[in-house]
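Student: Have a look at this fold, sequence not included:
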DNA sequence: CCGCTATTCCTTGCATACAAGAACACTACG
DNA sequence: CGTAGTGTTCTTGTATGCAAGGAATAGCGG
């Protein structure tokens, strides 16, 4: 629904959105209620509905969760042996390394996105996938995350970390895979947030 | 809302619930939509609304998630030093051990519940708490979990595991705390589900 | 007696009218 | 000129009527 971008803090009246999508207020209200449960908007009763601005602390918390969930996924995937997800990951890492040496940061960003999702899906745990989707919904629409890291050094390091995670999964080292993935997510978050583990 | 127990598979008509709570269908519908998002019920359009029965696989997946999230929480809490949550945990473990030797399984079950929640809250990560709450909502209403384990041997072992987790947190060993908590959750789940890591 | 078909009843989905409350602007008074 | 009071207008919350679709059942034909 909110495919585009509404500025944070902007009021979203139900009647306005209803006219936008040419429906009544009822389905709009249902959608807004969902978005409120996902912490994407804030509905103040009898006052108005506003696009929510995540606090810095929340961003840090979300990245901590991301680290834990993706680490879990890596560990679970490492126990599974050869799967279509693993083959996809292998091709993805190869393509990432190619994009890295070619300095094609846009393509690399896309491949990174696919890598993380393939890994989570590869965990073969639908509940984990569902929680991860919720988590990413909160992070994805934040402009902080949208600015793709274009630092060539970071891209090269990130690519190496991806390969390390892949290697651990191939070796069925679930312990190492989880650690490697956590380290990778932590490093990426640190790059985005500017260092410092706690707020 | 669903404080009580509706049998799984039972149809829940909106109009019936509306009469039950003496409100119109609109707020009932909103509540049901939320419960559907939490996978507690299933709304088949133009057909009916039914209490959802989690599959065995989903139960296993949820326990895997529980293991990961509670492990995360233990690790995060171990980094925090002395907090009110830690003091609460210390008192809780003492009380648990007392209940264990007294074979008061009912009191022990209550203390276990408080232990897990105190630990998650002690992580000081509101997003983690929120995801954990969602997770437990799916598990709590399942009768499988409600049958408190009354095996004295398991109670004794569980109590010891709680103390070990507490010890690791006191020692600020976040790595050990996470491992100990994971092991505890895994052992408890195994007791409930009857062994076997995968379905 | 069995199978097919049409109809009726039930459900949820949507649109709209009304109610309640909060914020804001305007006015009157100190 | 400042401030308190009041009225208007906006918002969301709720109730209700209607529409659409699926399922079960009754009726009919073989």
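Tutor: Everything's here; your move. If you're wondering where the values come from, they're calculated on a predicted model, not measured in any experiment.

Student: Give the full set of residues in contact with residue A:65.
Tutor: Taking C-beta atoms under 8 Å, 6 or more residues apart in numbering or on different chains, we find residue A:65 in contact with A:135, B:72, B:125, B:127, B:128, B:131. C-betas here are computed from N, CA, C, even on glycine.

Student: Please state the offset of whichever strand or helix holds the second one from the chain centre?
Tutor: Going back to what we said before, that points to residue B:72. Using DSSP states H and E, residue B:72 sits in helix B:56-78. Centroid displacement of helix B:56-78 relative to its chain, using C-alpha atoms, centre = their mean, to the nearest Å, is 9 Å.

Student: And that helix, what's buried?
Tutor: B:58-78 (16 or more other C-beta atoms under 10 Å in any protein chain shown).

Student: mind listing which of the contacts of residue A:65 are in strands?
Tutor: If you go by DSSP state E, the contacts of residue A:65 have nothing in strands.

Student: Same list, those residues, but as JSON lines with distance to DNA strand C and pLDDT please.
Tutor: Shown next, in JSON lines, are the contacts of residue A:65 (distance: C-beta to the nearest atom of the strand, whole Å; pLDDT from 0 to 100):
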{"residue": "A:135", "distance to DNA strand C": "26", "pLDDT": "97"}
{"residue": "B:72", "distance to DNA strand C": "35", "pLDDT": "98"}
{"residue": "B:125", "distance to DNA strand C": "30", "pLDDT": "98"}
{"residue": "B:127", "distance to DNA strand C": "27", "pLDDT": "98"}
{"residue": "B:128", "distance to DNA strand C": "31", "pLDDT": "98"}
{"residue": "B:131", "distance to DNA strand C": "26", "pLDDT": "98"}
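
Student: Could you chop chain A up by domain?
Tutor: Per automatic domain parsing, the structural domains of chain A span A:14-51, A:56-193.

Student: contacting residues for the nearest residue to residue A:111 once chain neighbours are set aside?
Tutor: Nearest residue to residue A:111 in three dimensions, chain neighbours excluded: residue A:96, at 4.6 Å (C-beta to C-beta, 6 or more residues apart in numbering or on different chains). Taking C-beta under 8 Å, 6+ apart, we find residue A:96 in contact with A:108, A:111, A:112, A:115, A:159, A:162.

Student: what would those residues look like in TSV with neighbour count?
Tutor: Formatted as TSV, those follow (neighbours: other C-beta atoms under 10 Å in any protein chain shown):
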residue	neighbour count
A:108	23
A:111	23
A:112	20
A:115	22
A:159	21
A:162	24
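
Student: closest to chain B among the residues you listed?
Tutor: Proximity of the contacts of residue A:96 to chain B was ranked by C-beta to the nearest C-beta; the top entry is residue A:115 with 20.0 Å.

Student: ok, the closest one to DNA strand D distance?
Tutor: According to C-beta to the nearest atom of the strand, to the nearest Å, residue A:115 stands 39 Å off from DNA strand D.

Student: Residue A:92 is in contact with that residue, correct?
Tutor: Yes - with contact defined as C-beta atoms under 8 Å, residue A:115 counts as touching residue A:92 (5.1 Å).

Student: list residues touching both of the two?
Tutor: residue A:162.

Student: how many neighbours does residue A:26 have?
Tutor: For residue A:26, the neighbour count with other C-beta atoms under 10 Å in any protein chain shown is 13.

Student: For it, give me its contacts.
Tutor: By C-beta under 8 Å, 6+ apart, residue A:26 lies in contact with residue B:26.

Student: just to confirm, which helix or strand has it in it?
Tutor: Here residue A:26 is assigned to helix A:25-37, by DSSP H and E.

Student: centre of the chain versus stretch A:33-50, how much separation?
Tutor: 22 Å.

Student: close to DNA strand D, is it?
Tutor: Yes - using C-beta under 7 Å from any atom of the strand, we find that stretch A:33-50 touches DNA strand D at A:43, A:45, A:46, A:47, A:48, A:49.

Student: Toward the C-terminus, what is the element adjacent to the helix or strand of chain A with the lowest mean pLDDT?
Tutor: Within chain A, no helix or strand scores below helix A:143-146, which has a mean of 62 by mean pLDDT, DSSP states H and E. For helix A:143-146, the following helix or strand on the C-terminal side (DSSP H and E) is helix A:152-170.

Student: and that following helix, what does it pack onto?
Tutor: In terms of contacts (3 or more C-beta pairs under 8 Å, 6 or more residues apart in numbering or on different chains; DSSP states H and E), helix A:152-170 is packed against helix A:56-78, helix A:84-101, helix A:105-122, helix A:174-193.
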